[in-house]
Structure formats: C-alpha cells, structure tokens
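>>> pasting the sequence and the predicted model now:
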Amino acid sequence: MNDRSVVDLVSSMLWNSFWISLPLLLVGLVAGVLISLFQIVTSIQDPSFSAVPRLLAFFAVIILMLPWIILRLTTYTIHLLQDLPKYAR
C-alpha cells in the first residue's frame, strides 16, 4: 500500500463522515438559532426549553435521514471491501 492509497482512503473516509454529519449539523445550527431568537424575544431563559426542541429536531432528522445514511455507509463499505486487494499489496 503506497502513500497515495492511504491518502485516498483517509480522504474518502473524511468526506463520507462530512456528508453524513452535515444534515445533523445544519439542523442543530438552524434549531439553535431559532430557539435562541425565540428566547430573546420572549425573555424565557429556561435551559430545558432550549434543549428539548433541539433534541426533537435531531431525532426527527436522524429518523428521516436514516435510509440515506445507511445507503451511504453501505456503499462506502462495499467500495472499501472491493478495493481491499488493492490495499493489501
């Protein structure tokens, strides 16, 4: 296994991790900003008020995106296992 193969393998792994985590990160960002704006407008500073909607948004996105995430992970794993003889050299 040469240096270029290792770089390609790690790069592919990092890009897949990025694309899988991106929907969760975006929902966390949007939910956090909206909840913070609502708390500023209404002067509600209860910590549970900010945590519960954010958790519900995360769970909703995980449930909605789970088929896509599984497809992406299985595709990556299949390609990795198909290229295993190339990496074993």
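All right, it came through fine. Predicted model, so just to flag it, every value in this text is computed and none were measured.

>>> could you give me the average pLDDT of the helix or strand residue 67 falls within?
Using DSSP states H and E, residue 67 sits in helix 47-82. For helix 47-82, mean pLDDT is 92.

>>> how distant is it from the center of its chain?
6 Å (CA atoms, centre = their mean, to the nearest Å).

>>> just stretch 9-21 next, same as before
Centroid separation for stretch 9-21 versus its chain: 10 Å, with CA atoms, centre = their mean.

>>> flag every buried residue along it.
Counting neighbours by 16 or more other CB atoms under 10 Å, one finds that the buried residues in stretch 9-21 are 16, 20. In short, each C-beta sits where N, CA and C put it, glycine included.

>>> identify the residues contacting that stretch?
69, 72, 73, 76, 79, 80, 87 (CB atoms under 8 Å, 6 or more residues apart in numbering).

>>> could you single out the nearest of the residues you listed to residue 58?
Lowest distance from residue 58 to the contacts of stretch 9-21 (CB to CB) belongs to residue 69, with 13.2 Å.

>>> contacts only, for the closest one.
Residue 69 neighbours (CB under 8 Å, 6+ apart): residue 20.

>>> alpha carbons of the helix or strand just after the helix holding residue 67, in CSV - could you do that?
Past helix 47-82, further along toward the C-terminus, the next helix or strand under DSSP H and E is helix 84-88. Coordinates of each C-alpha in helix 84-88 appear next as CSV, following Å, rounded to 0.1, in the frame of the first residue of the first chain:
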residue,chain,number,x,y,z
LEU,A,84,-9.3,-4.5,-0.3
PRO,A,85,-6.9,-6.5,-2.6
LYS,A,86,-5.5,-3.1,-3.8
TYR,A,87,-4.9,-2.0,-0.3
ALA,A,88,-3.4,-5.3,0.8
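
>>> what is helix 84-88 packed up against?
helix 3-42 (3 or more CB pairs under 8 Å, 6 or more residues apart in numbering; DSSP states H and E).

>>> angle of the helix it packs on against helix 47-82?
Going by axes from the mean of the first three to the mean of the last three CA atoms, to 10 degrees, helix 3-42 is angled at 160 degrees with respect to helix 47-82.
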